[in-house]
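Q: just to be clear, the model below is a prediction. Sequence and coordinates:
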Amino acid sequence: MSVPYALLNRLADGKFHSGESLGCALGISRSAVWKQMQGLAAWQLDVQSVKGRGYRLVGGLDLLQRDTILAGLGDAAAKLDSLHVAAELDSTNRYLLDEARVHPGRVSACLAEFQSAGRGRRGRSWHSPFAANLCLSLSWPFSEGAGALSGLSLGIGLAVARSLQGLGAVGLGLKWPNDILAGGAKLGGVLIEVVGEAGGPCQVVIGIGLNVAMPPTAGAGIEQAWTDLRRLLGRAPERSRLAGAVLAELLQFLLRFEREGFAPFHADWSALDAYKEQAVRVLLPRGEYTGRWCGVDVDGIGLVQAEDGLRRVVAGDVSLRSAS
Ligand code: BTN
């Protein structure tokens, strides 16, 4: 069932709308409006129906506005070739990966109010209720191949953290290789996927999932400790402004990263390293080991002091857990 976006756009203001006025605006009958309203429960949206007043979406909805996102980009807008804002997609990463196969070399961004098959790291899925959080992807060409991407996911986490600090967020941390934390709980994650050659030109799709205002019912299903910006800032930031700020910071970061790599970002990343000097468990595709987290080197490689010596941890199918 696809999302009734036109209806939701009308209801987004959180005010009462009569079935008749909605039907008129959408060019459908009152009973068709009623039917669509019944379907909204499946989208975890709270619709109130009051006789004589009509329908209202409790709390309203903060829908993404393409113009506001673009306005928030400032000078960085010149770097972006395209911006796609969708009501619903399977995955914003998948959308840009497909685009990159057909039109390599573009810098494109894509956001969706809802992903039906959102992807997380290590083959997991990423669930986010309709219009609650941020599901954003950015596609960027690299001429020097995947070998030049060391430290990319760390730098992306740092760029996201900087944009959130700009909105007043404090207490942020970065968990190698790509989680954004606040108060030790997960605020967002990064998934990087690549199309192209290992040693030649490639296109990188950077996917970011950021918790903005997670409905408690949806959050109850998340296995790990999580938080959202509403909790952190005391109010949910406007999602389009947030998206513009995050994208602007990402574009600026990528312009420098493609010239200089991770090294210039090493000190700032280390300052936010959430596991500094902590006991950690390193989960490998097969097996695990424990040690003390010693931060990252200038290429973004993780360093763990294990019983048998200093081990270097390369991102990929590796995950880090606190062992304390
Ligand atoms: C993680 O596992 O922590 C990474 C999650 C990344 C989720 C984002 S949401 C936007 C983009 N599209 C996807 O399908 N996944 C990423």
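A: Thanks, I have the structure now. Numbering: from 1, shown residues only.
Q: and the residue of the chain that's closest to the ligand?
A: G189 (2.0 Å; CB to the nearest ligand atom). In short, each C-beta sits where N, CA and C put it, glycine included.
Q: from V170, how far off is that residue?
A: 20 Å (CB to CB, to the nearest Å).
Q: what about these two, which has more around it?
A: Using other CB atoms under 10 Å as the criterion, G189 and V170 rank with G189 on top: 21 against 10.
Q: what distance separates the helix or strand encompassing the more buried one from the centre of its chain?
A: G189 is part of strand 185-196 when elements are defined by DSSP states H and E. Averaging C-alpha positions (CA atoms, centre = their mean, to the nearest Å) puts strand 185-196 8 Å from its chain's average.
Q: which elements pack onto it?
A: Packed against strand 185-196 by the contact rule (3 or more CB pairs under 8 Å, 6 or more residues apart in numbering; DSSP states H and E) you find helix 92-102, helix 152-166, strand 179-182, strand 202-210.
Q: which SSE is immediately downstream of the last one?
A: Looking back up the chat, that one is strand 202-210. helix 216-219.
Q: show me what that next one is in contact with.
A: 44, 127-129, 132, 226, 228 (CB atoms under 8 Å, 6 or more residues apart in numbering).
Q: poorly predicted segments of the chain, please.
A: 1, 145-146, 316-318 (pLDDT under 70).
Q: what about the longest helix in it?
A: For the chain, the helix that runs over the most residues, judged by DSSP state H, is helix 239-260.
Q: buried set for it?
A: For helix 239-260, the neighbour count (16 or more other CB atoms under 10 Å) marks 239-254, 257-258 as buried.
Q: so which elements touch the next helix or strand after that helix?
A: Later in the chain than helix 239-260, the nearest helix or strand by DSSP H and E is helix 266-272. In terms of contacts (3+ CB pairs under 8 Å, 6+ apart), helix 266-272 is packed against helix 152-166, strand 172-175, strand 288-296.
Q: per-domain residue ranges of the protein.
A: 3-57, 66-270, 275-322 (automatic domain parsing).
Q: winner for burial among those domains?
A: Of the domains of the chain, the one with the most neighbours on average (mean count of other CB atoms under 10 Å) is domain 66-270, at a mean of 19.
Q: how far away from the center of its chain is it?
A: 4 Å.
Q: any idea how far apart the tips of it sit?
A: One end of domain 66-270 to the other measures 34 Å (CA to CA, to the nearest Å).
Q: circling back to that earlier point, can you put the contacts of helix 216-219 in TSV and add secondary structure and distance to the ligand?
A: Shown next, in TSV, are the contacts of helix 216-219 (DSSP: H, G, I helix; E, B strand; the rest coil; distance: CB to the nearest ligand atom, whole Å):
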residue	secondary structure	distance to the ligand
Q44	coil	17
H127	coil	10
S128	coil	7
P129	coil	13
A132	coil	12
W226	strand	11
D228	coil	14
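Q: partners of the host helix or strand of E88, with directions?
A: Assigned by DSSP H and E, E88 belongs to strand 82-89. Using DSSP bridges, the strands paired with strand 82-89 are strand 108-115 (parallel).
Q: quick one: the helix or strand following the partner strand to helix 152-166, angle?
A: Toward the C-terminus, strand 108-115 is succeeded by strand 134-142 as the next helix or strand (DSSP H and E). On the basis of axes from the mean of the first three to the mean of the last three CA atoms, to 10 degrees, strand 134-142 is oriented at 130 degrees to helix 152-166.
Q: quick check, strand 134-142 touching the ligand?
A: Yes. Counting by CB under 6 Å from any ligand atom, the ligand is contacted by strand 134-142 at 135-137.
Q: of these, which is the nearest to G300?
A: Distance to G300 across the residues of strand 134-142 next to the ligand (CB to CB) is lowest for S137, with 20.7 Å.
Q: first to last residue in stretch 267-285, what's the distance?
A: By CA to CA, one end of stretch 267-285 lies 29 Å from the other end.
Q: who's in contact with it?
A: 154-155, 157-158, 161-162, 172-176, 179, 181, 184, 262, 288-296, 300, 302, 304, 311, 313, 317-324.
Q: quick check: closest non-adjacent residue to V313.
A: Nearest non-adjacent residue to V313, counting by CB to CB, 6 or more residues apart in numbering: G302, 3.5 Å away.
Q: contacts only, for that neighbour.
A: 176-177, 282, 293, 295-296, 312-315, 318, 320.
Q: one more time with 7 Å, if that's ok
A: Contacts of G302 were listed using CB atoms under 7 Å, 6 or more residues apart in numbering, and they are 176, 296, 313.
Q: do the same with H84
A: Neighbours of H84 in contact, by CB under 7 Å, 6+ apart: C110.
Q: before we move on, what about R312?
A: Here R312 is in contact with 301, 303 (criterion: CB under 7 Å, 6+ apart).
Q: residues contacting the closest residue to L80 other than its chain neighbours?
A: Excluding its sequence neighbours, the residue lying closest to L80 (CB to CB, 6+ apart) is V107, at 5.5 Å. By CB under 7 Å, 6+ apart, the contact set of V107 is 79-81, 139-140.
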